[in-house]
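Participant: just a sequence and a predicted model for now, questions to come.
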Amino acid sequence: MAPTNTVNVDLQRERDKCTFNITELTHLIDGGPQNTEERKKREDMVLKEGIHVEDVPSEYLSHKEKYELAIKKACLLFKMIRRLQEEENTGMENYRAVLGGMLGSAILRDGSPLTLHYVMFIPTLMGQGTVEQQAYWIGRAFNLDIIGTYAQTELGHGTFIRGLETTATYDPATKEFVLHSPTLTAYKWWPGGLAHTANYCIVMAQLYTKGQCHGIHPFVVQLRDENTHMPLPGVKVGEIGVKLGMNGTNNGFLGFDHVRIPRDHMLMKNSKVLEDGTYVNAPSSKLTYGTMMFVRVMLVHDMCNYMAKAVTVATRYSAVRHQSQPKPNEPEPQILDYVTQQHKLLVGISSVHAFRLSAQWLWNMYNNVTAELEAGDMERLPELHALSCCLKAVTTADAAECVERCRLACGGHGYMLSSSLPTMYGLVSAACTYEGENTVMLLQTARYLVKAWQQARAGSSVPPTVQYLARAAARRHPPWENTVEGLILGFQQVAASKVSQCVQTIEKRQNSGMAYEDAWNLTSVQLISASEAHCRAILLSSYYEETKALVPAASPALRKVLEQMVDLYVVYWALQKLGDLLRFTSISERDIEQLQSWYESLLTSLRPNAVGLVDAFDIRDEILHSTLGSYDGRVYERLMEEALKSPLNQEPVNQSFQNYLKPLMQGKL
């Protein structure tokens, strides 16, 4: 961080009036002083290598050049991490820290072509492979002897994986599977690293043996020669083209023309195909979806990182930027002094904490359920699946909205790529569709909620996260209270009422003679609304409960700010969802007036701590990579410095003047 004497005076003034110890909050976010120290040490080690430094900003490169630079950086990064592993013997910690945290984004700002190798290829081998398959493949993958990716989505089918068309047909005569893409729409489309990076791939395909289809199964398929990297016979592979964001990810397409692989290249931890072609079923078809659930759980945490960056940039800029003159003959105020600006930013800051604590809570649940699965207990798998689906959908949508709100909060300068906000938006908005399109995810959760409501109505026990449905089914509606606890109960009542209405509507339509599937489709808009309401209730209650468990160890000053942020988050969403609260609870007009006053009071109380709160995220300038959000607040100097790096500014007169402009002006074109 920059010395105090080089910091913008407005930004320094903001830090001076912060009411809590910023370092204490950083330690709390990191999980303790030791974790903070280790993170800083790791950042120092990685960034001093200089891999992130670019002579010409990558924004000015061609698409092909961007990929080549991304590969160069990714290889140098993993070479460095491998060296650190050998020097420190730290296991997988450095890999996880770089891939799952913010550090990698300092080096590969628009996505990495190697991400899926670690995030999906290796976890699928671990989750779906037999002990023997793991012993063979995982060692090669960890050592980067091979580079893998994960191919599920096809040109014609995405989230609906039962509709995938790629086939894997077993040939008992040769003990091989034959992979084939029978149509153009069967081509795999989107996998990161697939285009020109990976030489192996886990392919999800429809398994056929003895003339029967047994549904989607995972297969390890070699795509390219290990020495020449040329595509193997029958493998049709390439890149899908330029996208809104993630243009360093090397997303690709993949088709097969009767490509043969050995029988043991089917991952057989769960389902199996014997040598004679006999199919042995898995204990549960849901076990195949473990990798997808893992990624969805991790996505919730990723959203925290993107949002923390965005609010850091926008809040610091808002402290430096002065605009307008509300009172005559007085200086232009900082735009952070406008309540509308506080409204845009402070809920984003509290959302980071809400998502972080909810992500940790979900991660603990994921680990517990995974351990239960290993022991053969699948009772809580549907609950985890429903939670990971709706949290993935709601957090990615909220994060995209938050990043865009931060961009708008920075006015015209937020539109500059050098602010990093447009790039962040490209990355976050992508998450709304990958690993399960958000509407489909919410409908997945809705199926679970409908079943849970029916169980609760029948008097059966339900899992903890839907326990509130049992209270509602028993018609126990607490009176309205304008407290955080009261608001959370109100959100639970809204969710339960919406689920109840959906069930009643579906049953009414069925009773009139309509097929269940048609009744479901006609009710699907309501079902999505019910799922989102359920997720809001989960996010509010987990943020409140997890913060309540944390604050006793915090200093009084920090405890007060943490509690104010919870209040702000809960009250903000109450005001956003007033229509639902008016419809399904006993909230009154007077209660709403009090909520509005409470919200405005919270904005005023948190205003002096806005910069301190984002400073506590402790995101280095190299990771932010933003002209607007640097620690020193030299916004205008950095904007000009970055503008001068443009290749168009390297010569006073561009050749187009002689070729086109001059002839045009002289009438000779």
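Facilitator: Cool, the structure landed.
Participant: for the stretch 1-150 of the chain, what spans make up the strands?
Facilitator: Taking DSSP state E, counting those that start in this stretch as the criterion, the stretch 1-150 of the chain contains strands spanning 148-151.
Participant: now the chain
Facilitator: Under the criterion DSSP state E, strands of the chain are mapped to 148-151, 167-171, 176-180, 188-189, 200-209, 212-222, 235-239, 252-256, 259-262, 272-273, 279-280.
Participant: tell me what the last one is packed against?
Facilitator: Okay, so that is strand 279-280. The elements that strand 279-280 packs onto, with contact taken as 3 or more C-beta pairs under 8 Å, 6 or more residues apart in numbering; DSSP states H and E, are strand 272-273. (Glycine included, C-beta is placed from N, CA and C.)
Participant: quick revisit: minimum distance to Arg475: which of the strands of the chain has it?
Facilitator: Arg475 lies closest, by C-beta to C-beta, to one member of the strands of the chain: strand 212-222, at 41.8 Å.
Participant: any idea of the angle that closest one forms with strand 176-180?
Facilitator: Per axes from the mean of the first three to the mean of the last three C-alpha atoms, to 10 degrees, the angle that strand 212-222 makes with strand 176-180 is 90 degrees.
Participant: who's in contact with strand 212-222?
Facilitator: Strand 212-222 is contacted by residues 124-125, 128, 133, 137, 148, 161-162, 164, 168, 177, 179, 199-208, 232, 256, 259, 261, 265-267, 271, 279, 281, 285, 288 when judged by C-beta atoms under 8 Å, 6 or more residues apart in numbering.
Participant: check which residues of that strand are buried.
Facilitator: Neighbour-count burial for strand 212-222 flags 214, 216-222 (criterion: 16 or more other C-beta atoms under 10 Å).
Participant: again, but for stretch 437-457
Facilitator: So for stretch 437-457, counting by 16+ other C-beta under 10 Å, buried means 438-439, 441-450, 452-456.
Participant: again with stretch 123-134
Facilitator: 123-129, 133-134.
Participant: just to revisit the earlier point, the buried residues of strand 212-222: which two are farthest apart?
Facilitator: Farthest apart among those by C-beta to C-beta are His214 and Gln222. That separation is 23.1 Å.
Participant: the strands of the chain into TSV, with extra columns for distance to His27 and mean pLDDT?
Facilitator: Formatted as TSV, the strands of the chain follow (distance: least, C-beta to C-beta, whole Å; pLDDT from 0 to 100):
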stretch	distance to His27	mean pLDDT
strand 148-151	36	96
strand 167-171	50	97
strand 176-180	51	98
strand 188-189	44	96
strand 200-209	39	97
strand 212-222	41	96
strand 235-239	44	97
strand 252-256	42	97
strand 259-262	50	97
strand 272-273	49	94
strand 279-280	51	94
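Participant: just name the most buried of those strands.
Facilitator: Highest mean neighbour count among the strands of the chain (mean count of other C-beta atoms under 10 Å): strand 148-151, with a mean of 30.
Participant: which secondary structure elements does that strand contact?
Facilitator: helix 115-116, strand 200-209.
Participant: what about these, which gets the closest to Trp190?
Facilitator: helix 115-116 (10.2 Å).
Participant: what average pLDDT does the closest one get?
Facilitator: The average pLDDT for helix 115-116 rounds to 90.
Participant: how far away from the center of its chain is it?
Facilitator: Remark: helix 115-116 is offset 14 Å from the chain centroid, using C-alpha atoms, centre = their mean, to the nearest Å.
Participant: what's the end-to-end length of stretch 611-626?
Facilitator: Length of stretch 611-626, first residue to last, C-alpha to C-alpha, to the nearest Å: 16 Å.
Participant: stretch 175-189 now?
Facilitator: End-to-end for stretch 175-189, by C-alpha to C-alpha: 28 Å.
Participant: offset the numbering so it begins at 46, please.
Facilitator: In the new numbering, first residue 46, that becomes stretch 220-234.
Participant: show me how far that stretch is from its chain's centre.
Facilitator: Its chain's average C-alpha position is 30 Å from that of stretch 220-234, according to C-alpha atoms, centre = their mean.
Participant: what's it in contact with?
Facilitator: When contacts are defined by C-beta under 8 Å, 6+ apart, stretch 220-234 is touched by residues 196-202, 209-216, 239, 248, 250, 264, 266, 281, 285, 297-308, 310-311, 320.
Participant: and for stretch 374-381?
Facilitator: So stretch 374-381 is contacted by 55, 59, 360, 363-371, 386-387, 390, 454, 652, 655 (C-beta under 8 Å, 6+ apart).
Participant: what do you get for stretch 527-534?
Facilitator: 523, 525-526, 582, 585-586, 589, 611-612, 615-616, 619, 636, 639-640, 643.
Participant: one more time with 10 Å, if that's ok
Facilitator: Applying C-beta atoms under 10 Å, 6 or more residues apart in numbering, the contact partners of stretch 527-534 are 513, 516, 522-526, 535, 581-582, 584-590, 592-593, 608, 611-612, 614-616, 618-619, 622, 626, 630, 632-633, 635-637, 639-640, 643.
Participant: do stretch 177-185 as well
Facilitator: 166-167, 169-175, 186, 190-193, 245, 247, 265, 309-314.
Participant: how deep is the nearest residue to Tyr644 once chain neighbours are set aside tucked in, by neighbour count?
Facilitator: Leaving aside its sequence neighbours, Tyr644 sits nearest to Val616 (C-beta to C-beta, 6 or more residues apart in numbering; 4.7 Å). A count of nearby residues for Val616, using other C-beta atoms under 10 Å, gives 22.
Participant: great, nothing more from me.
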